[in-house]
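[1] Structure for the following, please:
(2 chains)
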Number of protein chains: 2
Amino acid sequence: MNTLYRYLLRLFTLATILFGAIATTNAAGAAPKRVAILLFEGVDVIDYAGPLEVFDTDGMQIFTVAATKATINPSDAMKVVPSYTFANAPQADILIVPGGQIDKVQSDPATLAWIKKQSAHATYVMSVCNGAFTLANTGLLSGLKVTTTAGRIDELRKKHPELQVVRDQRVVDNGKFIETGGLTAGIDGALHLVSLIAGDGEAHAIAQQMEYKWLPEGAYLPGTDAFHIVKEIMGIGMMSAHETGSMDGIASSSGDSTQWEIGYRLRSEKTDSDILKHVVQSYTGMALDSGGSAAVTTGVWQYRDAEGNQWNVKFNVDSVPGQTGMHVFKIEAVRV
Amino acid sequence: MNTLYRYLLRLFTLATILFGAIATTNAAGAAPKRVAILLFEGVDVIDYAGPLEVFDTDGMQIFTVAATKATINPSDAMKVVPSYTFANAPQADILIVPGGQIDKVQSDPATLAWIKKQSAHATYVMSVCNGAFTLANTGLLSGLKVTTTAGRIDELRKKHPELQVVRDQRVVDNGKFIETGGLTAGIDGALHLVSLIAGDGEAHAIAQQMEYKWLPEGAYLPGTDAFHIVKEIMGIGMMSAHETGSMDGIASSSGDSTQWEIGYRLRSEKTDSDILKHVVQSYTGMALDSGGSAAVTTGVWQYRDAEGNQWNVKFNVDSVPGQTGMHVFKIEAVRV
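    From the prediction side, this is the model:
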């Protein structure tokens, strides 16, 4: 008896025992859930690979679906062959709508029709990242709470006033329809779905197996970072500085919901003070889409965000010692 | 001028501006780094998709390589066509060796020869998860610090005494050779590589773009969880309970480095006390691979781990109210 145990323990790691067992007994007790993942040219890899890993570990039956059987090149880095087309895909219990380069897919009639058809009989439909735009275009989310990737929350609000778009939830659960924040937030969404179907314990065990720090309550919420709240003004500063030379990467990027600092490495033949002067001139008198008043003095912009909060945004340019023509252009935003 | 800025800001989200700019200017300044990802039948999806997303966001040039051009079915859930074979793959700057079902690949002569050939000229070679076993089998890691997925750290120690295997690092950096913990730890490894190549700021900006809570200093270390320290004894308990019925998933799984609780849902016609009795009998007098003494009384096992630490392991069985034949079998380990 002891020998048997030890043989089995050597044969399998505990993870294999646990998760293999779950998959097998779930399959014996009830048919495993079927998960359909929508693929399209430009689909973001982590948007679907994250949820796929979660559902696979749980022993669900996963397949990918695209308009045609043609090979998909997500993010130009990997060639993927879809399992099915819209014409022959089986009905799923869970439908995943990932994001990525959605320019075409978000308004493609065949894609929207297939999502609607699957959604009519699926138990759960989850968008990841800017897949929320595609799902919203079906009309199925009207009146519901929705989120998307941090950088596109404002855009989703403008395009879809019929939705209640939130920025302070990593996973938004409306019952049948669930949407997550961007990219790795799809992992959280899939873990949330496992917790609904198989319980919290199983979801936590899968997160542990994936060595993923899952924080269902204290989730990481990049949408609430100051970076995204003041991104319009940061974008103008960066682009204005860019006109004086060329970007050479990001020197720093850190902060929280009340302050952010971002530094760009900039190659430019101009002096630090000429670069700063150019940036300040670009802001002077500018009306912003999201509001804000036009007071720029010695590199400080008085900025009011869409919710009426006041921010001080400072600009600074420093030459990098020993690197001719290399500067760091820094933007600091502090809520006041 | 203002109109131009606003047009551009509408056209691109800030993320697109930032990361598009990084990729473009890096490419202008120096050739983008070439990343080769090894694929094989049974490769774990997140092991390579996580790093791929990081490197892609940084604007690196990524390709996949396998023994042949045959379609790969990672985890039976997705069909992937490799970019190159061992015979025609270009030399990479960064080589990624993922894990998964490595039974065959870890000792395949053609795979090991190709890894050695690429490693001779690559700047960095990184294994993810149990890809460490494959990389270790090339002999290239001899004498170096290494880690692997939490559940296989002990196994790696036994199989490769020539390595310094650690359990308290998510990313182990030996200079050229880097190894990460399991699954999502590959994301941390790739961010670490970006920080080496392009600086901390860029790595943090990519983590933010991926909405991934990156904790380079205070990293999540599942290998140090009590779950893995006492996994042998937890495995015996679980398998012993399983003999009285069938597993129906995990009811709970939580803890830290000094205690862990795991609860299994168990379908069994036996009574709670008969199940517990069976578990206790299974432990009595058992010698463990990793040490431990044989004192089990009323469901408490006195356990000594490989480092000599003492643990009290308790077993408990409770019927689930209102669900005939359903029990929760709980194992609690507390370091004393």
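
[2] from here on, contacts and neighbour counts on C-alpha atoms
    Fine.

[3] just for chain A, where's the confidence low?
    With pLDDT under 70 as the threshold, chain A has low-confidence stretches at A:1-29, A:74-77, A:284-299.

[4] quick one: the helices in it?
    Secondary structure of chain A (DSSP state H): helices located at A:2-11, A:14-29, A:45-57, A:109-121, A:131-136, A:153-159, A:185-198, A:200-209, A:226-229, A:231-242, A:272-283.

[5] Any chance of a markdown table for the ones you listed, columns distance to residue B:183?
    Shown next, in a markdown table, are the helices of chain A (distance: least, Cα to Cα, whole Å):
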| stretch | distance to residue B:183 |
| --- | --- |
| helix A:2-11 | 21 |
| helix A:14-29 | 13 |
| helix A:45-57 | 9 |
| helix A:109-121 | 30 |
| helix A:131-136 | 24 |
| helix A:153-159 | 29 |
| helix A:185-198 | 12 |
| helix A:200-209 | 8 |
| helix A:226-229 | 29 |
| helix A:231-242 | 32 |
| helix A:272-283 | 43 |
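
[6] To chain B, which of those helices lies closest?
    Distance to chain B, taken as Cα to the nearest Cα, is lowest for helix A:200-209 among the helices of chain A, at 3.6 Å.

[7] what angle separates the closest one from helix A:45-57?
    Angle of helix A:200-209 versus helix A:45-57, following axes from the mean of the first three to the mean of the last three Cα atoms, to 10 degrees, is 120 degrees.

[8] Just the residues contacting helix A:200-209, thanks.
    Identification of contacts with helix A:200-209 by Cα atoms under 8 Å, 6 or more residues apart in numbering or on different chains yields A:15, A:54, A:57-58, A:191-192, A:194-195, A:213-214, B:222, B:249-254, B:263.

[9] Buried ones among those residues?
    A:15, A:54, A:57-58, A:191-192, A:194, A:213-214, B:222, B:249-254, B:263 (16 or more other Cα atoms under 10 Å in any protein chain shown).

[10] Tell me how chain A divides into domains.
    If you go by automatic domain parsing, the domain ranges for chain A are A:31-222, A:226-335.

[11] quick one, what contacts the closest residue to chain B within the stretch 51-200 of chain A?
    Of all residues in the stretch 51-200 of chain A, residue A:80 sits closest to chain B, at 4.5 Å by Cα to the nearest Cα. Contact partners of residue A:80, counting by Cα under 8 Å, 6+ apart, are A:71-74, B:78-81.

[12] how close does it sit to residue B:49?
    According to Cα to Cα, to the nearest Å, residue A:80 and residue B:49 sit 12 Å apart.

[13] In contact with the closest residue to residue A:219 other than its chain neighbours, which residues?
    Leaving aside its chain neighbours, residue A:219 sits nearest to residue A:170 (6.5 Å; criterion: Cα to Cα, 6 or more residues apart in numbering or on different chains). Residue A:170 makes contacts with A:147, A:180-181, A:185, A:188-189, A:219-221, as judged by Cα under 8 Å, 6+ apart.

[14] With neighbour count and distance to residue A:235 as added columns, please give those residues in TSV.
    As requested, the contacts of residue A:170 are exported to TSV (neighbours: other Cα atoms under 10 Å in any protein chain shown; distance: Cα to Cα, whole Å):
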residue	neighbour count	distance to residue A:235
A:147	32	22
A:180	30	25
A:181	37	21
A:185	30	24
A:188	26	29
A:189	26	30
A:219	16	27
A:220	19	23
A:221	23	21
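
[15] Export those residues as a markdown table, with columns for distance to residue A:121.
    A markdown table is the format used below for these (distance: Cα to Cα, whole Å):
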| residue | distance to residue A:121 |
| --- | --- |
| A:147 | 23 |
| A:180 | 21 |
| A:181 | 25 |
| A:185 | 25 |
| A:188 | 24 |
| A:189 | 20 |
| A:219 | 30 |
| A:220 | 32 |
| A:221 | 31 |
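
[16] now, which of those sits nearest residue B:155?
    Set against residue B:155, the nearest of the contacts of residue A:170 by Cα to Cα is residue A:188 (29.9 Å).

[17] Surely that closest one is in contact with residue A:216?
    Yes. Counting by Cα atoms under 8 Å, residue A:188 touches residue A:216, with 7.5 Å between them.

[18] Residue numbers of the stretch 51-200 of chain A in contact with chain B?
    Within the stretch 51-200 of chain A, the positions lying close to chain B (Cα under 8 Å from any Cα of the partner chain) are A:52-53, A:56, A:61-64, A:75, A:77-83, A:151-152, A:181-185, A:198-200.

[19] again, only this time at 6 Å
    Taking Cα under 6 Å from any Cα of the partner chain as the contact definition, the stretch 51-200 of chain A meets chain B at A:62, A:77, A:79-81, A:183-184.

[20] so can I have JSON lines of those residues showing distance to residue A:162?
    What follows is those, written out as JSON lines (distance: Cα to Cα, whole Å):
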{"residue": "A:62", "distance to residue A:162": "32"}
{"residue": "A:77", "distance to residue A:162": "36"}
{"residue": "A:79", "distance to residue A:162": "37"}
{"residue": "A:80", "distance to residue A:162": "35"}
{"residue": "A:81", "distance to residue A:162": "36"}
{"residue": "A:183", "distance to residue A:162": "24"}
{"residue": "A:184", "distance to residue A:162": "26"}
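
[21] Sort out for me which of these are in strands.
    A:62, A:79-81 (DSSP state E).

[22] Farthest pair within those residues?
    Going by Cα to Cα, the pair spanning these furthest: A:62 and A:79, at 18.0 Å.

[23] just the domains of chain A: most buried one?
    For the domains of chain A, the largest average neighbour count (mean count of other Cα atoms under 10 Å in any protein chain shown) is found in domain A:31-222, namely a mean of 21.

[24] End to end on it, go ahead and measure it.
    Start and end residues of domain A:31-222 are separated by 37 Å (Cα to Cα).

[25] can you give me how far it is from the chain middle?
    With Cα atoms, centre = their mean, to the nearest Å as the basis, domain A:31-222 stands 10 Å off its chain's centre.

[26] which residue is nearest the middle of chain A?
    Geometric centre of chain A, nearest residue: residue A:182, 0.8 Å, by Cα atoms, centre = their mean.

[27] Who is the residue lying closest to residue A:234 once chain neighbours are set aside paired with across the strands?
    Nearest-residue entry for residue A:234: residue A:331, 6.9 Å, with adjacent residues in sequence omitted and distances by Cα to Cα, 6+ apart. Beta-bridge partners recorded for residue A:331 (DSSP bridges): residue A:262, residue A:315.

[28] cool, and residue A:125?
    According to DSSP bridges, beta-bridge pairing links residue A:125 with residue A:95, residue A:177.

[29] Show me which residues of the stretch 201-336 of chain A are close to chain B?
    A:201-202, A:205, A:210-212, A:235, A:248-253.

[30] would you turn the residues you listed into CSV with distance to residue B:270?
    Output for these, formatted as CSV (distance: Cα to Cα, whole Å):
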residue, distance to residue B:270
A:201, 23
A:202, 24
A:205, 26
A:210, 34
A:211, 35
A:212, 36
A:235, 66
A:248, 68
A:249, 65
A:250, 63
A:251, 64
A:252, 61
A:253, 59
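
[31] Of those residues, which pair is most distant in space?
    The widest separation within these (Cα to Cα) is 45.9 Å, between A:201 and A:248.

[32] Name the nearest residue to residue A:86, sequence neighbours excluded.
    residue A:67 (5.4 Å).

[33] just checking, that neighbour touches residue A:85?
    Yes. Taking Cα atoms under 6 Å as the definition, residue A:67 is a contact partner of residue A:85 at 5.2 Å.
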